[in-house]
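Participant: pasting the sequence and the predicted coordinates here, then a few questions.
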Amino acid sequence: MAAGVRAVRASGGKTISICSEYLFQGHNIHDYAGYQEVDLAIAGGVKLSLGLEPKIVLSDVHLGNAAWAKDKDFAAVGRVEADVALLPLLQRRFEVVRLNLVGPVIALETGAGGKANWDLGTGPTPGAPAAASAGAASVLASFGIGQIEIENGTVTYRDDASGNVTRVVIERFSAQARTPTSPRSST
């Protein structure tokens, strides 16, 4: 499974495009041609509270699904709260001190041939320079999350081959790392 996004389009969210341009600066976007494009919509608006750790609150967030999937959204979240560390930005790192997802609904699905909607792509296109893989890895290495909390969430898994649907309800979940780049522990 590759982790990457070729392009993110956000309606009403200039903050997101500024962050992505900052993190991807120096990387050739054509190196990411093997990744699936996804849509990101922030229907409820963006609030920013300034301070030593600025807080970004996004309301009614929708992340688009694969074109073949049955559900329109791969994920929909009622509210996303992120406390961001300022100093790492000077080193081109985006560190989220705390990420709280309230009311997330995540739809995992496998389609024809076992293709998974959470697989964003196979990586750089064949013939792309080796630097493309290194570029994708360096972008991921410049992002970290110290603590993540989920409240009142739902995850569904639909197996298209068997028709089975499994639903998991998450009342409360918390995972924390000693530093944003260290392994996570969960409760």
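Facilitator: Alright, I've got the coordinates. Numbers count the residues shown, from 1 in each chain.
Participant: tell me which stretches of the chain form helices.
Facilitator: Counting by DSSP state H, the chain forms helices over residues 14-24, 131-141, given from the N-terminal end onward.
Participant: ranking these by mean pLDDT, which is last?
Facilitator: Mean pLDDT values for the helices of the chain show the minimum at helix 14-24, a mean of 40.
Participant: which stretches of this protein have low pLDDT?
Facilitator: Screening the chain residue by residue with the criterion pLDDT under 70, one finds the ranges 1-37, 120-141, 178-187.
Participant: ok, which stretches of it are strands?
Facilitator: Defined through DSSP state E, the strands belonging to the chain, from first to last, are 8-11, 38-42, 46-49, 55-64, 73-84, 94-110, 143-159, 165-177, 184-186.
Participant: list the helices and strands the fourth one packs on?
Facilitator: So the one you mean is strand 55-64. In terms of contacts (3 or more C-beta pairs under 8 Å, 6 or more residues apart in numbering; DSSP states H and E), strand 55-64 is packed against strand 38-42, strand 46-49, strand 73-84. In short, each C-beta sits where N, CA and C put it, glycine included.
Participant: among those, which is nearest residue 143?
Facilitator: Relative to residue 143, the nearest member of the helices and strands packed on strand 55-64 by C-beta to C-beta is strand 73-84, separated by 11.2 Å.
Participant: any buried residues in that closest one, and which?
Facilitator: Residues 73-84 are the ones in strand 73-84 that count as buried (16 or more other C-beta atoms under 10 Å).
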